[in-house]
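Asker: My questions concern the predicted model and sequence given below.
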Number of protein chains: 2
Amino acid sequence: MTKDRRPTLETVAAAAGVSLATVSKVLNDRADVSAATRARVQRLLVQHKYVPPGRPMVGRFAGGRRLIDLVFTALDSPYSVEILRGVTSGPMDVVVSSMSDRSGSRPWSSGLASAGRSGAIIVASELTPLDQRLLDHAHIPYVLIDPAAKLPEPDVATVGATNWAGGLSAARHLLGLGHRRIAVIGGPVAMLCSRARIDGYRAALESAGVKVDPALIATGNFHHIGGYQAARGLFELPDPPTAIFAGSDEQAFGVAEAARVTGRRIPEDLSVVGFDDLPISRWVSPPLTTVRQPLAEMGRTAAEMLLTMIDGREPHGRQVELATELIVRSSTAPPPLPAMESPGHATLARGLH
Amino acid sequence: MTKDRRPTLETVAAAAGVSLATVSKVLNDRADVSAATRARVQRLLVQHKYVPPGRPMVGRFAGGRRLIDLVFTALDSPYSVEILRGVTSGPMDVVVSSMSDRSGSRPWSSGLASAGRSGAIIVASELTPLDQRLLDHAHIPYVLIDPAAKLPEPDVATVGATNWAGGLSAARHLLGLGHRRIAVIGGPVAMLCSRARIDGYRAALESAGVKVDPALIATGNFHHIGGYQAARGLFELPDPPTAIFAGSDEQAFGVAEAARVTGRRIPEDLSVVGFDDLPISRWVSPPLTTVRQPLAEMGRTAAEMLLTMIDGREPHGRQVELATELIVRSSTAPPPLPAMESPGHATLARGLH
DNA sequence: CTGAAAGCGCTTACAG
DNA sequence: CTGAAAGCGCTTACAG
């Protein structure tokens, strides 16, 4: 009967061919260990899944559930509740925080291990190299939801949505309705998901033979104000759009407000498509046509991947994209007739009739 | 130089006049200790604030922050993010959960102590007597935000808003605009905050000499659908309202949707007032007149009270109500003229002209 | 039911 | 930079 006990320092010391004392020093980050020895011991500690006593299971308390961190860039949108709902539906206890709350003193990720965290989920942001190093060093696995700016390395676990396909379906829907002057409002320029949505929009127009007018590609911040300001700008154009793909639901609400303020009716004068499908979007007037992004499902998936990684198993895929889906409601309609004769497309329009 | 070290089993053993081994047994819940000895040792352990090694401070981890629980009835509204933002702005780590996620196996509050929690904040709900007993027994302090149904005993810490005054100001605003047929839509009937809002509404009408018509007092669930359904019902009345105080912002959106579907314009045909002032309410079309409830501030206040209690000090007051404030935007206007001649008030209207 | 004693897993001052 | 050895805080099998 093999009684496989929790590994002790002795186990690891034997494996590394050093004394028990040396292993202890590595564990306690003492200076008096050579880099080579430190590295070797560290590797062996991981290999043997060494965990200090007193916290029997990794980051799990007596009879309790595992603790993980869920870190938002900011807690400033209903978007957050949706993700949160997905993450908390799992069997782990979730410590929620916002990067914007953290005082600048210590890096966010330091102290997670000593605080008993088993893992972390980071939303709409990404890790600084320092954070990454600290987490790796503490053997705390992590998953990024909608990583912000740079493409994560293939070994980093991420969960996103099919932003490109979503942008494509939004623009196709508007094209199908007869729109030709279709604007798009992105989020922060650096954000990957925003760029993918715009590229999908572009692909739809191009494959429909509609030239992409750079004047119709605006930039926002994914929030109401971004949509409002961008829309005000688009309305000033000599040949304004008849439809706007707003890039996010909140931006769509900003667009709607800009339309109201300038006396445009939705959808009669202007069609608007959002992105996200927040619960509120069914309930604004008129209900918003939007690209549904399964936010709660993304949260749930991230939590499952993380749990797999915490248990030392390999998730099925490290880079997951969940499907988006166009939800047609009442904020989109065929363009008003005069728009078909807009200067920019007069030739085309005439050619077709 | 007094070097006051963390108490060890030895400290407690000496104090209790037993051997170190016996203390250890008590700590590990072994059976072979007499009830009397067990009780005495247990008391001394608490008195000396003994904490097992590996988890240095009570409910606070090495260099880390205190852990508290934030429990929502459900995670189903932007309301939650606002509270959450307030609570997480403090110096504690916040474990967020939803009662609806909990499997029914163990009561919510069991195991909080062994999970290292220092306190709990419960939102829009209340504690079962069992929960209360478990928390008290584990010496875990707690604060209720917007306690749901029953008036909490005076020693229970609560944070709310001036719901009555809010209801009053909403109704006064509509009265001032000239409305006389003013409906109100409450939340779940049992909820204290909902009743206070309705009572405020009632007080405003009565003090303005407007008779309260029971047909104009409807019930919802604080969510979109509740507002939508209640409004559809109100529209069917022989003498329908010209204004609706929707009881919550989400219900106001439901009312707006019901108005749109039935061809009523806001505010020309129908005035609508919400309650909450969710961030989105500035951005719906038209922007919503509402009673602002300082949700984030309520979260922050609850966190501060809890911290005070965790530190063993007495909060300034155990029952706090933060002020509400009427925010006038574009969803309210004077009633349409025919309404002044509505059958119910024909006499009054004639008398005035 | 209690405690002396052996033992475990870890840390650290110190010798080399 | 490394490890033998002393020591710390705790647990537990066992004798009484």
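Answerer: Sure thing, it's come through.
Asker: what's the distance between the spatially most central residue of chain A and DNA strand D?
Answerer: What sits nearest the mean C-alpha location of chain A, by Cα atoms, centre = their mean, is residue A:146, with 1.8 Å. Using Cβ to the nearest atom of the strand, to the nearest Å, we find residue A:146 at a distance of 42 Å from DNA strand D. In short, each C-beta sits where N, CA and C put it, glycine included.
Asker: Apart from its chain neighbours, what residue comes closest to that residue?
Answerer: Of all residues not flanking residue A:146 in the chain, residue A:124 sits nearest, at 4.7 Å (Cβ to Cβ, 6 or more residues apart in numbering or on different chains).
Asker: Go ahead and confirm that neighbour touches residue A:149.
Answerer: No: counting by Cβ atoms under 8 Å, residue A:124 stays clear of residue A:149, with 10.2 Å between them.
Asker: Going along the chain, name the strands of the stretch 101-250 of chain A.
Answerer: A:119-123, A:142-145, A:157-161, A:182-186, A:217-219, A:243-245 (DSSP state E, counting those that start in this stretch).
Asker: follow-up on the earlier one: residue A:124 and residue A:149: which has the busier surroundings?
Answerer: Set side by side, residue A:124 and residue A:149 show more neighbours around residue A:124, with 24 against 12, by other Cβ atoms under 10 Å in any protein chain shown.
Asker: For chain B, see how far away that one is.
Answerer: 14 Å (Cβ to the nearest Cβ, to the nearest Å).
Asker: Equivalent analysis for residue A:198, please.
Answerer: To chain B, residue A:198 is 23 Å away according to Cβ to the nearest Cβ.
Asker: How confident was the prediction at residue A:5?
Answerer: What the model reports for residue A:5 is a pLDDT of 64.
Asker: swap that for residue A:190, please
Answerer: pLDDT, residue A:190: 88.
Asker: try the one 4 residues further on
Answerer: Looking at residue A:194, its pLDDT reads 95.
Asker: Find the nearest non-adjacent residue to it, please.
Answerer: Distance criterion Cβ to Cβ, 6+ apart; nearest residue to residue A:194, sequence neighbours excluded, is residue A:187 at 3.8 Å.
Asker: from what I can see that neighbour touches residue A:250, true?
Answerer: No: using Cβ under 8 Å, residue A:187 is not in contact with residue A:250, being 9.8 Å away.
Asker: Spit out the residues that contact the two alike.
Answerer: By Cβ atoms under 8 Å, 6 or more residues apart in numbering or on different chains, residue A:187 and residue A:250 have these common neighbours: A:222, A:226.
Asker: Which one of those two is surrounded by more residues?
Answerer: Between residue A:187 and residue A:250, residue A:250 has the larger neighbour count (other Cβ under 10 Å), namely 32 against 25.
Asker: Could I get the contacting residues of the more buried one?
Answerer: Per Cβ under 8 Å, 6+ apart, neighbours of residue A:250: A:77, A:79, A:222-224, A:226-227, A:276, A:278, B:280, B:283.
Asker: Overlap in contacts, residue A:124 and residue A:149.
Answerer: Contact with both residue A:124 and residue A:149 is made by residues residue A:191, according to Cβ under 8 Å, 6+ apart.
Asker: Name the spans of chain A whose pLDDT lies under the cut-off.
Answerer: A:1-5, A:54-64, A:102-107, A:113-114, A:338-353 (pLDDT under 70).
Asker: hey, where'd the helices end up in it?
Answerer: A:9-16, A:20-27, A:35-47, A:78-88, A:129-137, A:163-176, A:192-207, A:224-235, A:249-261, A:295-310, A:346-352 (DSSP state H).
Asker: residues from chain A in reach of DNA strand D?
Answerer: Selection of chain A residues close to DNA strand D by Cβ under 7 Å from any atom of the strand yields A:18-22, A:25, A:31-37.
Asker: Can you flag the buried ones in those?
Answerer: A:18, A:22, A:25, A:33, A:37 (16 or more other Cβ atoms under 10 Å in any protein chain shown).
Asker: and the gap between the second one and DNA strand C?
Answerer: So that's residue A:22. Taking Cβ to the nearest atom of the strand as the measure, residue A:22 falls 8 Å from DNA strand C.
Asker: How much space separates that residue from residue A:47?
Answerer: As for residue A:22, its distance to residue A:47 is 16 Å (criterion: Cβ to Cβ, to the nearest Å).
Asker: Settle this for me: residue A:179 is touching residue A:243, isn't it.
Answerer: Yes: assessed by Cβ under 8 Å, residue A:179 is found in contact with residue A:243 at 4.1 Å.
Asker: Which one of the two is surrounded by more residues?
Answerer: Neighbour count, other Cβ under 10 Å: between residue A:179 and residue A:243, residue A:243 has more, with 29 against 25.
Asker: In this structure that one contacts residue A:174, no?
Answerer: Yes: counting by Cβ under 8 Å, residue A:243 does reach residue A:174; the two are 4.5 Å apart.
Asker: Now for those two: what residues contact both?
Answerer: Overlap of the contact sets of residue A:243 and residue A:174 (by Cβ under 8 Å, 6+ apart) consists of A:182, A:271, A:273, A:332.
Asker: Who is the third one paired with across the strands?
Answerer: Put plainly, it is residue A:273. residue A:245, residue A:289 (DSSP bridges).
Asker: before we move on, the earlier item: taking the contacts of residue A:250, tell me the two that lie furthest apart.
Answerer: A:226 and A:278 (15.4 Å; Cβ to Cβ).
Asker: who's more crowded, those two?
Answerer: The neighbour comparison of residue A:226 against residue A:278 (other Cβ under 10 Å) goes to residue A:278, with 27 against 24.
Asker: Just want the phi and psi numbers for that one.
Answerer: Per-residue torsions, residue A:278: phi -60, psi 150 (degrees, to the nearest 10).
Asker: Check the gap between it and residue A:292 for me.
Answerer: The spacing between residue A:278 and residue A:292, counted by Cβ to Cβ, is 10 Å.
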